[in-house]
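> Pasting the sequence and the predicted coordinates here, then a few questions.
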Amino acid sequence: VQLQASGGGLVQPGGSLRLSCAASGSIGSIDFMGWYRRDPGSTRELVAAVRSGGSTNYADSVKGRFTISRVSAENTVVLEMNSLRPEDTALYYCNAYLALRGSNSYRPYWGRGTQVTVSS
């Protein structure tokens, strides 16, 4: 299984960015997909996640600014980030909690981090 992330980059405060992550491989079922982030000197935190049924979960710090959505047929999750702040600067990681084809055992998979920098 591979998680291919795209997007990220440098943006001014108040700007917007879009992160996308596509899962591929021998995937049986995905329970949820989401994004985590980590800045230097801190632990990795959940930013947003979306379950297979469509329910979402957001960190308090991004509520009202970020929107996560999932294209189930494509095993893809998109994070729209608006009104970005300098404190959103971090390495963002895509995550999927899934079971391989033919298995009922779920485990997390991680993509490579993509850098988001918010600075003037």
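Happy to help now that I have it.

> and residue 56, what are its bridge partners?
Residue 56 has the following beta-bridge partners by DSSP bridges: residue 50.

> wouldn't it be in contact with residue 66 here?
No - using C-beta atoms under 8 Å, residue 56 is not in contact with residue 66; the gap is 9.9 Å. Using the backbone N, CA and C atoms, a C-beta is placed for each residue, glycine as well.

> between the two, which one's more packed in?
Legend: neighbour count by other C-beta atoms under 10 Å for residue 56 and residue 66, higher for residue 66 (23 against 15).

> in the sheet, who's paired with the spatially closest residue to that one that is not a sequence neighbour?
With sequence-adjacent residues excluded and distances taken as C-beta to C-beta, 6 or more residues apart in numbering, residue 66 is closest to residue 81, at 5.1 Å. Beta-bridge pairing for residue 81 (DSSP bridges): residue 17, residue 66.

> Likewise for residue 116?
residue 9, residue 90.

> Residue 92 is in contact with that one, correct?
Yes - contact criterion C-beta under 8 Å: residue 116 and residue 92 qualify, at 5.4 Å.

> Pull up the overlap in contacts between those two.
The contact sets of residue 116 and residue 92 overlap at 8, 19, 37 (C-beta atoms under 8 Å, 6 or more residues apart in numbering).
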